[in-house]
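1. For reference, the sequence and a predicted model appear below.
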Amino acid sequence: MRMIGQLGEFCLYSDRIEKGICPERETLKKENYRSIQGFTFAYGPSAGGLLESVGIDLDTFGEYISDVKVIPYKIRKVRVKSIIDNSILYVERINGSFSASHTISFITAIEEGLGIEPPYEVKIGRIVEMELERIRNHLIVMQRVVEAAGFSVPSFQLLYLIEKVNRVIAKSFGHRYFYGVNGLGSLRFYEEIKSLEEIKKEYKEIYRGIIDNRIFIDRLQSNGVIVDKEGIGPVARSASFKNDARNDGNYAEIYKELGFSTVTYDEGDAFGRFIVRGEEVEESLRILSSINLHSVEYESKKRNNEGEGIGRVESPSGDLAYYVKVNENIIKEVYLFAPSSYNILAFSSSMVKNIFTDFPFNWESFGIWLSEVGVIFE
Amino acid sequence: MSWFLKGIRKGIKTEKEVKEIAPWATSLIGNGKFDDCPTKALDNGWNSGKCIFCRKCYPNYSPSGDYRMGSVTRRVPLFKRSFYLYPIDTGSCGSCNVELKLISSPQYDMTRFGIFFTNTPRHADALVVMGVLTDGMEDAFRRAFDAMPNPKLVIALGSCAISGGLFGKGVKADVIIPGCPPSPPTIIDAILRARGEK
């Protein structure tokens, strides 16, 4: 049993929910580190080097960081409290890079609420989507870290692979970000997934080349250390904790059948997070090579007309969960636990006592997406 | 082996012609009105700037395979030799951001056309707007626009920036690049036309 985080009015654990506020995460409490008077360096909300808009206030007295505040600037209103089909359109677009994870978690919560059991093929199809998404996002994070280190050749080679993965997704699902793929009662799939062998071969060569480079390793080692046994995603796994919704979330049984193995590292620093992502790409490619997929239309037979449910999956950056209350075909209430909300806390805590030049590597190593943090459900 | 040699060994990966395109990132063809369109993109024929390519109208409307969806209301041929883009995310889901980044991937290599990203609006020829114009980013958007030297262009990338899509309001732009999100070939094609090419 582990605590995952705040899900609306509930605290979400891996095996239950409890009404109320989650206990404070002791390991993420920031150290008081204001020895002499300093100044605040304001970065963002729009600046070169940022993939998304975000304001980052870095308190410093020259070189060392004494405090960090992450301020989301783009707050979007998401009208999910409507008929199910329309609400899925919004959920798909909360975070484009984690679109499959968001949508599958949301639909799983609805299915739980209405007592719908999707066929096995649909569950397998959802795993394929989430693993392809994981590969793409891990490659994006690795590319951002490598780019921050000024390694142009591997950076462009990773961009090449990201484009290749996007093409594989488009060919099989019709859309590069899984929009319009998942519905309550359907999973749209066009053709068998091909070209993964080529990606696997090219990736292996690039990845080994990067982690063999001493200069690169030096930039990441001991940078942004977080050892939190109640952490999520690559942050927890890089510190040797096997916290992963693929072991205890909604699709855990199928992952077990597929022989899923959790990747861990033992340092909890930016390098550890890089290694975990790097090895997870290989694990995801292995899982995908063992699956044959085809398009499925299924009848969503409801056992209940109303109900509430929770869907929890492992997004590329950690546990992602939705709580949904549904009545007939209408969504009445939605709560979201987005992995980036945890990762922002972990990043802010890890930056204290680090030096200014560590900031870009550390920021990128957490794989934070501001788009999923700045949403208000209506 | 050094990274330089590793790079050379891979050979040229840039594609002269567009090789693969996602079906639901191309213009739609079909007939008649479709009442259930969530963004009212089919009220008067197909409106590319409003369409979020959600497939709700399928099979009444289906993808044509034509990725050249961008439209340009003002061209600046001065930018033919070099064109510096400053991306600004005013409220996107992040997918437009990744697709814009991918125009620099070896498959597309934007620099062969003299297209570059810049880290400051003061050095930019065009502002590439991604996402709906959220309240929090309105001031940053105006300030970035004011900081740019003349002549300058505003490029709205994706249905959110063009029309607000599902989430809110868009921006007034000289170049619109439809898609949710637009694919790299659509982006490059529109940018080249904004410079008076093609």
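-> Everything's here; your move.
2. Pick out the residue in chain B sitting closest to chain A.
-> Proximity of chain B to chain A (Cβ to the nearest Cβ) peaks at residue B:119, 2.3 Å away. Where you see a C-beta, it was placed from the backbone N, CA and C, and this is true even at glycine.
3. Regarding that residue, which helix or strand does it belong to?
-> If you go by DSSP states H and E, residue B:119 is not part of any helix or strand.
4. Make sure it is actually in contact with residue A:46.
-> No: Residue B:119 lies out of contact with residue A:46 (Cβ atoms under 8 Å); the separation is 10.4 Å.
5. And the helices in chain B?
-> B:3-10, B:95-101, B:135-147, B:159-163, B:184-194 (DSSP state H).
6. can you put those helices in a markdown table and add distance to chain A and mean pLDDT?
-> Below are these laid out as a markdown table (distance: least, Cβ to the nearest Cβ, whole Å; pLDDT from 0 to 100):
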| stretch | distance to chain A | mean pLDDT |
| --- | --- | --- |
| helix B:3-10 | 4 | 87 |
| helix B:95-101 | 3 | 98 |
| helix B:135-147 | 4 | 97 |
| helix B:159-163 | 8 | 98 |
| helix B:184-194 | 7 | 97 |
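7. Deepest-packed of those, please.
-> Most buried of the helices of chain B, by mean neighbour count (mean count of other Cβ atoms under 10 Å in any protein chain shown): helix B:159-163, with a mean of 29.
8. picking that back up, now do the residue lying closest to the residue of chain B closest to chain A once chain neighbours are set aside against residue A:146, distance only.
-> Among residues not flanking residue B:119 along the chain, residue A:48 sits closest, at 2.3 Å (Cβ to Cβ, 6 or more residues apart in numbering or on different chains). Distance of residue A:48 to residue A:146, computed by Cβ to Cβ, to the nearest Å: 17 Å.
9. Ok, residue A:373 next?
-> Residue A:373 is 25 Å from residue A:146, where distance means Cβ to Cβ.
10. which one of the two has more residues nearby?
-> It is residue A:146, of residue A:373 and residue A:146, that has more neighbours when counted by other Cβ atoms under 10 Å in any protein chain shown, with 25 against 22.
11. coming back round to it: look at residue B:119 and residue A:46 and report which has more neighbours.
-> Neighbour count, other Cβ under 10 Å: between residue B:119 and residue A:46, residue A:46 has more, with 23 against 13.
12. Out of the helices of chain B, flag the one nearest residue A:135.
-> helix B:95-101 (13.6 Å; Cβ to Cβ).
13. which outside residues touch the closest one?
-> A:51-52, A:93, A:96-97, A:99, A:140, A:159, A:162, A:176-177, B:87, B:89, B:128, B:130-131, B:157-158, B:160-161, B:179-184, B:187 (Cβ atoms under 8 Å, 6 or more residues apart in numbering or on different chains).
14. interface residues of the stretch 201-350 of chain A facing chain B?
-> Residues of the stretch 201-350 of chain A found near chain B (Cβ under 8 Å from any Cβ of the partner chain) are A:205, A:209.
15. Show me where the stretch 201-350 of chain A has its strands.
-> A:296-297, A:306-315, A:318-327, A:330-337 (DSSP state E, counting those that start in this stretch).
16. among the ones you listed, which is nearest residue A:238?
-> Counting by Cβ to Cβ, residue A:238 lies closest to strand A:318-327 out of those; the figure is 11.4 Å.
17. got the buried residues for that closest one?
-> For strand A:318-327, burial by neighbour count (16 or more other Cβ atoms under 10 Å in any protein chain shown) applies to A:318-326.
18. number of nearby residues for residue 48?
-> If you meant another chain, say so; for now it's chain A. 12.
19. could you do chain B instead?
-> As a burial measure, residue B:48 scores 19 neighbours (other Cβ under 10 Å).
20. For residue A:75, give its distance to residue A:54.
-> In terms of Cβ to Cβ, residue A:75 sits 12 Å off from residue A:54.
21. Comparing these two, which shows the higher neighbour count?
-> Between residue A:75 and residue A:54, counted using other Cβ under 10 Å, residue A:54 has the larger neighbour count: 24 against 15.
22. Check whether that one really touches residue A:69, as I assumed.
-> No: using Cβ under 8 Å, residue A:54 is not in contact with residue A:69; the gap is 10.6 Å.
23. Which parts of the stretch 51-200 of chain A are helices?
-> In the stretch 51-200 of chain A, the segments counted as helices under DSSP state H, counting those that start in this stretch are A:84-92, A:99-114, A:120-148, A:152-173, A:196-211.
24. Point out the other helices and strands that the first one packs with.
-> Where contact means 3 or more Cβ pairs under 8 Å, 6 or more residues apart in numbering or on different chains; DSSP states H and E, helix A:84-92 is packed against helix A:99-114, strand A:182-183, strand A:330-337.
25. repeat for the last one
-> Contacting helix A:196-211 under the criterion 3+ Cβ pairs under 8 Å, 6+ apart are the following elements: helix A:120-148, helix A:152-173, helix A:270-289, helix B:3-10.
26. Quick one: closest of the ones you listed to residue B:197.
-> helix A:152-173 (23.0 Å).
27. Around the closest residue in space to residue A:288 that isn't next to it in sequence, how many other residues sit close by?
-> Spatial nearest neighbour of residue A:288, chain neighbours left out: residue A:131 (5.5 Å); criterion: Cβ to Cβ, 6+ apart. Using other Cβ under 10 Å, residue A:131 is surrounded by 26 other residues.
28. Quick check, pLDDT for residue A:131.
-> Note for residue A:131: predicted pLDDT of 97.
29. Next, the contact list for it, please.
-> A:284, A:287-288.
30. could I get the strands of the stretch 201-350 of chain A as a markdown table with mean pLDDT and distance to residue A:80?
-> Formatted as a markdown table, the strands of the stretch 201-350 of chain A follow (pLDDT from 0 to 100; distance: least, Cβ to Cβ, whole Å):
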| stretch | mean pLDDT | distance to residue A:80 |
| --- | --- | --- |
| strand A:296-297 | 68 | 24 |
| strand A:306-315 | 96 | 14 |
| strand A:318-327 | 97 | 9 |
| strand A:330-337 | 97 | 5 |
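31. how about those strands, which one is nearest residue B:140?
-> strand A:330-337 (25.5 Å).
32. what's near enough to touch residue A:206?
-> Contacts of residue A:206 by Cβ under 8 Å, 6+ apart are A:154, A:157-158, A:161.
33. now do 6 Å
-> A:154, A:157 (Cβ atoms under 6 Å, 6 or more residues apart in numbering or on different chains).
34. hang on, the earlier thing: I'd like the helices and strands packed on helix A:196-211 written out as JSON lines, with distance to residue A:355 added.
-> Shown next, in JSON lines, are those (distance: least, Cβ to Cβ, whole Å):
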{"stretch": "helix A:120-148", "distance to residue A:355": "14"}
{"stretch": "helix A:152-173", "distance to residue A:355": "23"}
{"stretch": "helix A:270-289", "distance to residue A:355": "13"}
{"stretch": "helix B:3-10", "distance to residue A:355": "26"}
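35. Can you name the residues of chain B sitting close to chain A?
-> B:3, B:7, B:13, B:20, B:22-24, B:38, B:54-55, B:88-89, B:91, B:93-95, B:97, B:102, B:105-107, B:119, B:134, B:136-137, B:140, B:167 (Cβ under 6 Å from any Cβ of the partner chain).
36. Mind checking which of those are buried?
-> Taking 16+ other Cβ under 10 Å as the criterion, what is buried in these is B:3, B:7, B:13, B:22-24, B:38, B:54-55, B:88-89, B:91, B:93-95, B:97, B:102, B:105-107, B:134, B:136-137, B:140, B:167.
37. Please consider this matter closed, and thank you.
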